[in-house]
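Colleague: Generate coordinates for the sequence data below:
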Amino acid sequence: MNPFLKFLERGDLLTLGFGTTVAMWVVGYVGRIPPVIVPSAVLLLLLCLCLLAGGYLAGRYMSLGWRGGLYTGLLASTLNLLILGSLLTGDEPNRIVPSALIWIPGSYLVSGVLAAAGAALAGSPVRIQPIHWTSLYARVAALATFFLIFIGGLVTSHEAGLAVVDWPNSFGYNMFLYPLSRMTGGIYYEHAHRLFGSLVGLTTVVLALHLWRTDVRRWVKWLGLVCVVLVVIQGVLGGLRVTGTFTLSASPEDTSPSIQLAILHGVLGQIFFALMIAMAVFTTASWIQAYPPKPYPSTNADRSLTIALTIALILQLVLGAILRHIAHGLLIHISAAAVVTALAIIAGVRAWGLYPEEPMLPRLGLTLLKVIALQLILGLCALAATGMTQIPDQPPHATDVIFTTAHQVTGALLLAVTVALMLWTWRLLAPQAEPRSQSSPGEAHVR
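Modeller: Okay, the predicted model is just below:
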């Protein structure tokens, strides 16, 4: 078999390799946020610990011993080439420094050795029931998307959406070769968002290819391709939000930034996250192996309720994006929040209390109630923070950034929980058949 096709079928390697990479990128991003700036030595140590942890998990749950850790480290190192280029260029755009001849093979060597050492430390693999690796990889993809939404929220909160003036280049540099030393202030937030978006896009493409190689359900394979199309559209919208047209120019005369595309980009990002959550649900062993739906008299009501809540949340996301970008529609947003809250409470309480025989539904119902409560609190805090700290022509206050970003991210989480509840409601519950009326002998004779 073709080695690449065999690689695409290894859900265990994909999960641990991409999972390790996502962990490293999150650690690196947080460690380099302008207000934080963790010392380079400490950040390097944390990244090495991520590789050791990835290798350890490979040793515990893969059957390849230290080689599983080695492959995990090599895959992570390959994915990290997306960001390693920022360390390999100088003042001249797209010119690789001579030390790249050491950096690239060195990164492979260090990553492979550390992950292999982690696998060796794990000892013999744990004897457990077979792991559904495809589902775990889908969850890694969903988690990466969630962090991308968080990073995008920081871009909006810091008003840094136009900090990098061109696309797909960055100030004339290839996006993957823009120097790390120049990623400061708003440029860091915007450029890191672009890089993390490329990782999410690659993760989505590999997930779709993996499903085509391993999943027998044709509709799941096609849904994976829909995810790829959507993530490509999302990336293009993000770029056109900056330039307004397809151009490599960084001149203001050739670009026309679009606030409308910024709003669409923000909303579509959260819808894409909900779709990735759906993929994670569809690939679970519980979904595939679950028994046929049980009939309940309240099935139709709860199916309709979860659909209504999902639609209301998407409309609320649109209103929230408009409010975030152009500061209009606050009263409408608050009014819609009241409707969403009422629907979420009703759906959560019903799922929590009506279906004790379906453990998934009470768990999701309770989670929905907790998330909507958190979202209300964050919404009030964001409203208070923007009202008290917002000063015209001044950078956003830290309190404003924290609460508005947290409110946006929790909104995405609320949509994800709602979508999961809607899908499991349709999977586990069936409408109860209406009892047939018994006709009297006389009626039968008339007929």
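Colleague: What number of residues are in the vicinity of Gln316?
Modeller: Gln316 is flanked by 20 other residues according to other Cβ atoms under 10 Å. Quick note: C-beta positions are derived from backbone N, CA and C, even for glycine.
Colleague: quick one: secondary structure of it?
Modeller: The three-state assignment at Gln316 reads helix, by DSSP: H, G, I helix; E, B strand; the rest coil.
Colleague: quick one: contacts for it?
Modeller: Applying Cβ atoms under 8 Å, 6 or more residues apart in numbering, we find Gln316 in contact with 333, 336-337, 340, 411.
Colleague: The same query, at a cut-off of 7 Å, please.
Modeller: Gln316 makes contacts with 336-337, 340, as judged by Cβ atoms under 7 Å, 6 or more residues apart in numbering.
Colleague: can you check Gly235 too?
Modeller: By Cβ under 7 Å, 6+ apart, the residues touching Gly235 are 197, 201.
Colleague: pLDDT wise, what is it at?
Modeller: Model confidence at Gly235, given as pLDDT, is 94.
Colleague: so of the contacts of Gln316, which ones are in strands?
Modeller: Counting by DSSP state E, no part of the contacts of Gln316 is found in strands.
Colleague: Redo the residues you listed as CSV? Include pLDDT.
Modeller: Shown next, in CSV, are the contacts of Gln316 (pLDDT from 0 to 100):
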residue, pLDDT
Ala336, 93
Ala337, 94
Val340, 96
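Colleague: Quick one: buried ones out of those residues?
Modeller: The neighbour count (16 or more other Cβ atoms under 10 Å) marks 336-337, 340 as buried among the contacts of Gln316.
Colleague: Which of these sits closest to Leu5?
Modeller: The shortest gap between Leu5 and any of the buried ones among the contacts of Gln316 belongs to Val340, at 44.9 Å (Cβ to Cβ).
Colleague: State the mean pLDDT of the helix or strand hosting Ala384.
Modeller: Per DSSP states H and E: Ala384 is located in helix 360-389. Across helix 360-389, pLDDT averages out at 90.
Colleague: Would you mind getting the angle between the helix or strand following that helix and helix 360-389?
Modeller: Sequence order places helix 398-428 as the next helix or strand after helix 360-389, per DSSP H and E. Computed by axes from the mean of the first three to the mean of the last three Cα atoms, to 10 degrees, the angle separating helix 398-428 from helix 360-389 equals 160 degrees.
Colleague: Just give me how far helix 398-428 sits from the chain centre.
Modeller: Put simply, helix 398-428 sits 11 Å off its chain's centre (Cα atoms, centre = their mean, to the nearest Å).
Colleague: Stretch 88-103 now?
Modeller: 32 Å.
Colleague: Quote the end-to-end distance of it.
Modeller: One end of stretch 88-103 to the other measures 8 Å (Cα to Cα, to the nearest Å).
Colleague: can you give me the helices in the stretch 101-250 of the chain?
Modeller: Taking DSSP state H, counting those that start in this stretch to define them, one finds helices in the stretch 101-250 of the chain at 133-157, 185-214, 218-243.
Colleague: List the buried residues in the last one.
Modeller: Taking 16+ other Cβ under 10 Å as the basis for neighbour counts, the residues of helix 218-243 that come out buried are 220-221, 223-224, 227-228, 230-231, 234-235, 237-243.
Colleague: Many thanks, I have nothing further to ask.
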